[in-house]
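S.K.: generate a structure from the sequence data that follows.
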Amino acid sequence: AVAALLRGLPLQPEESDRGDLMEAKSQLFLKYFTLFMNLLNDCSDAQDVEKDVTRQRVSDGKLTTLRNATIQAMSNLLSANIDSGLMHSIDLGYNRDLQTRAAFMEVLTKILQQGTEFDTLAETVLADRFEQLVQLVTMISDKGELPIAMALANVVTTAQMDELARVFVTLFDAKHLLSPLLWNMFYREVEVSDCMQTLFRGNSLGSKIMAFCFKIYGGTYLQNLLEPHIRPLMEGTPPSLEVDPARIDPAEDIEINKTNLIDLTQKVFDSIVSSADKFPPQLRSMCHCLYQVLSKRFPQVPQINIGAVGTVIFLRFINPAIVSPQEMGIVSKNVPQSVKRGLMLMSKILQNIANHVEFSKEQHMIPFNDFLRSHFEIARRFFIQIASDCETEDQGSHSMSFISDSNVLALHRLLWNHQERIGDYLSSSRDHKAVGRRPFD
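M.R.: Purely as a prediction, here's the structure:
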């Protein structure tokens with residue numbers, strides 16, 4: 001009965017066992033394996049002691065049955081715990097006692113006959129297990145969905161979303177599956193939204209993933225785009241850009257300042273709209289996914305959908321770098337307050353161009369409405385360019401071509417901590433018949 005019970009039964013140390021789990025499991029194996037080894041020795045001793053011939057014949061039959069059952073129990077125990085048990089049992093093959101060596105050979109023969117796999121003893125076992133974990137999370141269903149990734153996305157806490165966004169983007173990009181990830185995550189957010197004005201402005205996972213993509217893929221692009229315009233403002237005497245009568249220095253001419261602001265904004269705008277061919281392919285893919293998702297959710301307003309892509313690009317990507325160039329790594333020196341103010345005013349003009357909206361509330365910005373209107377269509381064409389399908393682009397020519405252990409360990413921890421909730425989510429999801437808990441189990 002014990003032998004049958006041990007078949008395929010991995011040992012599990014007590015929860016109170018602290019420290020290294022493998023060491024605790026190894027000691028537990030040694031405890032039970034030694035118990036069975038002592039039982040085998042007792043069988044041999046009993047056969048030697050028995051003198052009565054009739055009783056010996058009966059006893060030998062029972063002892064043989066007990067010995068065979070013990071060998072089977074030891075084989076099943078070792079087979080189910082080969083990674084922690086082989087190191088303890090292998091010494092028995094070199095024992096000075098002939099019967100002990102024979103017993104070990106019987107155990108080893110049985111586990112080989114059972115087809116026990118020794119893959120877990122390979123030096124690459126940890127990497128192999130990591131790869132299996134990544135394959136599980138990046139698994140795509142026939143419908144193009146990501147069952148495990150979406151389940152995890154639905155159960156993590158808000159405090160864990162930054163970490164999950166980093167892990168997801170890194171893993172999926174390394175597998176060249178960034179587009180399916182972005183499509184699923186964006187559609188998840190857009191699906192529950194009533195209007196485009198509130199999209200990607202909160203602390204949702206979609207927003208976190210978008211922000212992480214901008215950070216790791218857009219840094220060089222922003223540096224090359226903005227540094228040539230911002231650095232000269234910090235050298236020598238910069239032109240005055242203040243256009244608010246309540247803030248302007250009495251010695252300055254507000255009309256000259258307006259001209260200065262328009263000139264600077266025009267130069268930056270021209271650089272932006274002429275940079276479509278330099279726009280990072282990963283971000284182009286992100287814009288394309290966003291446009292496709294919006295078009296599916298709001299099919300009646302294609303013009304607004306492409307405008308929403310532009311709004312996101314300026315609000316979450318370009319303008320933060322303009323307003324805070326030192327923090328975003330565009331320049332290394334402190335930005336004077338007067339220059340910061342001018343950059344802020346320029347970002348407002350650029351954002352309104354992206355939003356396709358004129359100024360109405362801020363009286364000192366209304367004179368720029370003519371400038372806005374003359375740039376609406378140019379901006380729209382740029383947004384169409386960067387949201388175009390880029391599947392032919394080379395997705396492998398970037399630094400995210402490997403998966404670090406830290407990201408896989410973080411993924412494992414997130415899956416482990418939320419495994420029950422993931423299972424419940426999969427069981428209750430719309431596609432539970434197709435997915436169920438089986439892929440996660």
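
S.K.: please make it C-alpha for all contacts and neighbour counts, starting now.
M.R.: Will do.

S.K.: run a quick neighbour tally on E235.
M.R.: Residues within reach of E235, counting by other Cα atoms under 10 Å, total 8.

S.K.: quick check, pLDDT for it.
M.R.: Predicted confidence (pLDDT) at E235: the value is 85.

S.K.: go on, L126?
M.R.: We note a pLDDT of 60 for L126 in this prediction.

S.K.: any low-confidence regions in the chain?
M.R.: Scanning the chain for pLDDT under 70 picks out the ranges 15-20, 47-59, 116-128, 192-201, 302, 389-402, 430-441.

S.K.: give me the residues contacting stretch 359-373.
M.R.: 243-245, 262, 349, 352-353, 356, 358 (Cα atoms under 8 Å, 6 or more residues apart in numbering).

S.K.: Throw these into CSV and include neighbour count and secondary structure, thanks.
M.R.: Listed next are these as CSV, based on neighbours: other Cα atoms under 10 Å; DSSP: H, G, I helix; E, B strand; the rest coil:
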residue, neighbour count, secondary structure
V243, 24, coil
D244, 16, coil
P245, 12, coil
I262, 17, helix
I349, 24, helix
N352, 18, helix
I353, 27, helix
H356, 20, coil
E358, 17, coil
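
S.K.: format those residues as TSV; extra columns: distance to S388.
M.R.: Output for the contacts of stretch 359-373, formatted as TSV (distance: Cα to Cα, whole Å):
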residue	distance to S388
V243	37
D244	39
P245	43
I262	30
I349	25
N352	23
I353	20
H356	20
E358	27
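
S.K.: can you pull out the helices in the stretch 201-350 of the chain?
M.R.: For the stretch 201-350 of the chain, applying DSSP state H, counting those that start in this stretch gives helices covering 205-230, 254-273, 281-297, 302-313, 319-323, 337-355.

S.K.: which of those helices sits most buried?
M.R.: Per residue and on average, the most neighbours among the helices of the stretch 201-350 of the chain fall to helix 281-297, with a mean of 23 (mean count of other Cα atoms under 10 Å).

S.K.: ok now that helix, how far from the chain's centre?
M.R.: Distance, stretch centre to chain centre, for helix 281-297: 19 Å (Cα atoms, centre = their mean, to the nearest Å).

S.K.: now stretch 412-432
M.R.: How far stretch 412-432 lies from its chain's middle: 16 Å, per Cα atoms, centre = their mean.

S.K.: show me how the chain divides into domains.
M.R.: 2-121, 177-395 (automatic domain parsing).

S.K.: now do the contacts for L78.
M.R.: Contacts of L78 (Cα under 8 Å, 6+ apart): 85-86, 111.

S.K.: ok, I230 next?
M.R.: Shown in contact with I230 (Cα under 8 Å, 6+ apart): V331.

S.K.: now it: how far from N260?
M.R.: Noted for I230: a distance of 14 Å to N260, by Cα to Cα, to the nearest Å.

S.K.: tell me the contacts of the residue positioned nearest the centre of the chain?
M.R.: With distances taken as Cα atoms, centre = their mean, F168 lies nearest the centre of the chain, 1.8 Å away. Contacts for F168 (Cα under 8 Å, 6+ apart) come out as 181, 209.

S.K.: can you check the one 3 residues further on too?
M.R.: L171 sits next to 134, 138, 403, 407 when contact means Cα under 8 Å, 6+ apart.

S.K.: what is the nearest of the residues you listed to E163?
M.R.: Ranked by distance to E163 (Cα to Cα), these are led by N407 at 8.9 Å.

S.K.: quick check, that closest one in contact with A165.
M.R.: No - the criterion here is Cα atoms under 8 Å, and N407 misses it with A165 at 10.7 Å.

S.K.: more neighbours, these two?
M.R.: A165 (20 against 17).

S.K.: and the more buried one, what helix or strand is that in?
M.R.: Assessed by DSSP states H and E, A165 sits inside helix 161-174.

S.K.: distance of G423 from A410?
M.R.: 19 Å.

S.K.: who has more neighbours out of the two?
M.R.: G423 (20 against 15).

S.K.: K31 is nearest to which of the helices of the stretch 201-350 of the chain?
M.R.: From the helices of the stretch 201-350 of the chain, taking Cα to Cα, the stretch that ends up closest is helix 205-230, at 47.6 Å.

S.K.: which parts of stretch 232-250 are buried?
M.R.: Neighbour counts over stretch 232-250 (16 or more other Cα atoms under 10 Å) mark 233-234, 240-244 as buried.

S.K.: contact partners of it?
M.R.: 252, 254-255, 257-258, 260-261, 335-336, 338-339, 341-342, 364-365.

S.K.: wait, which of the residues you listed is closest to I386?
M.R.: L261 (26.5 Å).

S.K.: wait, that closest one touches G342, no?
M.R.: Yes - between L261 and G342 a contact is recorded at 7.3 Å, counting by Cα under 8 Å.

S.K.: got the contact list for Q351?
M.R.: Contacts of Q351 by Cα under 8 Å, 6+ apart are 311, 314-315, 319.

S.K.: repeat for H418
M.R.: So H418 contacts 152, 155-156 (Cα under 8 Å, 6+ apart).
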